[in-house]
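Undergrad: Got a predicted structure plus its sequence, pasted below:
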Amino acid sequence: AAATTSAAEASAAQEAASAAEERLQHLQQRLEAAEAEADRSAREAEAVQKAAARDAADLRASLQAAEATHRDQLTALQAQQSTGEEVVGKLRSQVAAARKEASEQAQLTAELATQTGQLAEQLAAAQA
């Protein structure tokens, strides 16, 4: 009876060990699957991070290019404004010179008219 009991206990122990071994294998498979999933997730996260870094670099480059274009446009506009101010200054000088010349011409015309009148009087007196 003791041998039967020992054999039954040994058989039960073997079944328990076998069941424990199956559970262990099942847990190892789940662990391997979880590790594979974690690796896949880490690779995906790394890919997303790299893409975000590339996007950020592209945006920085675009922003720098836009700032450079803006600076170039501002410089060009300032140069145009400066040139326009120079042209306006020259035109004002030309207008002032033209007014002065017109004034001098009017004065000379008035003097010529006076002299012509005097000559006409002298001629009339000489003819009389």
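TA: The structure has been received and is ready for your questions. Numbering: from 1, shown residues only.

Undergrad: Report the separation between Glu121 and Thr114.
TA: Separation of Glu121 from Thr114 (C-beta to C-beta, to the nearest Å) stands at 11 Å. Where C-beta positions appear, they are placed from N, C-alpha and C, glycine not excepted.

Undergrad: do Glu22 as well
TA: Distance from Glu22 to Thr114, by C-beta to C-beta: 136 Å.

Undergrad: same thing with Arg54?
TA: Distance, Arg54 to Thr114, by C-beta to C-beta: 90 Å.

Undergrad: again, but for Lys50
TA: Distance, Lys50 to Thr114, using C-beta to C-beta: 96 Å.

Undergrad: And Ala13, by the same measure?
TA: Distance check for Ala13 against Thr114: by C-beta to C-beta, it reads 148 Å.

Undergrad: Name the SS class of Glu9, please.
TA: In three-state terms, and counting by DSSP: H, G, I helix; E, B strand; the rest coil, Glu9 is helix.

Undergrad: What's the local residue count around it?
TA: 10 (other C-beta atoms under 10 Å).

Undergrad: Give me the pLDDT for it.
TA: For Glu9, the pLDDT comes out at 88.

Undergrad: which residues does it contact?
TA: By C-beta atoms under 8 Å, 6 or more residues apart in numbering, no residues touch Glu9.

Undergrad: Kindly report the same for the one 4 residues further on.
TA: With contact set as C-beta under 8 Å, 6+ apart, Ala13 has no partners.
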